[in-house]
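**Student:** kindly generate the corresponding structure for this input.
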Amino acid sequence: MYCPVLKKHLVRDMNFTPHSADDLVQDFIAQKILEKNALASADSTKGRFRVFLLKTFTNFVVSEIRKGRARKRSPHSGQALSLDEVPDLAVASAPLHQALDLEWARQIMAMAIEHMKNECAAKGRDDLWEIFSCRVLEPTLEQAPLPSYESLVRRFGFQSPTQASNLLITAKRMFRRALEDTVRATVADEAQVDEEIRDLKAILAT
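**Tutor:** Numbers count the residues shown, from 1 in each chain. Alright, predicted model coming up:
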């Protein structure tokens, strides 16, 4: 789940090329997680997993950049990492933990939206997905005009604005459950779900 987050962070906030970012993330997984079992050091009592992951990942990236620069100074020692594609970490447009938090929040929201969309399709509740999309997603994500309930009645054939309003309430509850399920898959303790959702709201609010 965090792989796209780490890659987007490198590309969007640190100006890595997609190819270089993908290589670094894959090398990090292979060397630090699979070979050295770095995640065994994670301790939930000392903070968020993503904070631990970012620190571990950042240390790895710094080490790889230094190795690449050393190889560039000694070209016969092996193939150098292309420094034309790798900027200094100091040029990041935002503090690293804030950038990763934002990418994490975006990823969680995208997964929760997809979760709800699939659930609506599986249950034959296209009405819930359509009204949620029109009244919540499109105005929020695309700055689309907020449609009136009367217009939704005409568009989707609802019986009344009241029915449309009630369906939206049901859709919002479904999304809340989808969001909780998505977050639940990222934490080790059920008690952390609400806390993570509060963090998510705070991150997106800023």
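**Student:** check what pLDDT residue 161 gets.
**Tutor:** Note for residue 161: predicted pLDDT of 95.
**Student:** residues in contact with the residue lying closest to it once chain neighbours are set aside?
**Tutor:** Of all residues not flanking residue 161 in the chain, residue 149 sits nearest, at 3.6 Å (CB to CB, 6 or more residues apart in numbering). Any C-beta I mention is one placed from the backbone N, CA and C, and that applies to glycine too. Residues in contact with residue 149 (CB atoms under 8 Å, 6 or more residues apart in numbering) are 161, 164-165.
**Student:** and the next helix or strand past the worst-scoring helix or strand of the chain on mean pLDDT?
**Tutor:** Ranking every helix and strand in the chain by mean pLDDT, DSSP states H and E puts helix 14 at the bottom, with a mean of 72. Once the chain leaves helix 14, the next helix or strand it forms, by DSSP states H and E, is helix 18-28.
**Student:** tell me which element the closest residue to residue 117 other than its chain neighbours is part of?
**Tutor:** Counting by CB to CB, 6+ apart, residue 129 is the residue found nearest to residue 117 once chain neighbours are left out, at 5.8 Å. Element membership for residue 129 (DSSP H and E) is helix 126-132.
**Student:** could I get the buried residue list for whichever helix or strand residue 198 is part of?
**Tutor:** Assigned by DSSP H and E, residue 198 belongs to helix 192-205. Neighbour-count burial for helix 192-205, counted by 16 or more other CB atoms under 10 Å, picks out 192-193, 196-197, 199-200, 203.
**Student:** could you dump those residues to CSV with distance to residue 71 and pLDDT?
**Tutor:** Formatted as CSV, those follow (distance: CB to CB, whole Å; pLDDT from 0 to 100):
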residue, distance to residue 71, pLDDT
192, 42, 85
193, 45, 91
196, 40, 90
197, 45, 94
199, 40, 91
200, 41, 92
203, 38, 90
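**Student:** between those residues, which sits nearest residue 18?
**Tutor:** Residue 18 lies nearest to residue 203 out of the buried residues of helix 192-205, by CB to CB, at 24.1 Å.
**Student:** give me the helices and strands touching the lengthiest helix in the chain, please.
**Tutor:** Across the chain, the longest stretch assigned as helix under DSSP state H is helix 96-122. Under the contact criterion of 3 or more CB pairs under 8 Å, 6 or more residues apart in numbering; DSSP states H and E, helix 96-122 touches helix 2-8, helix 49-73, helix 126-132, helix 161-184, helix 192-205.
**Student:** and the gap between the residue most central in space within the chain and residue 185?
**Tutor:** Closest residue to the average C-alpha location of the chain: residue 107 at 2.1 Å, with CA atoms, centre = their mean. Going from residue 107 to residue 185 by CB to CB, to the nearest Å gives 12 Å.
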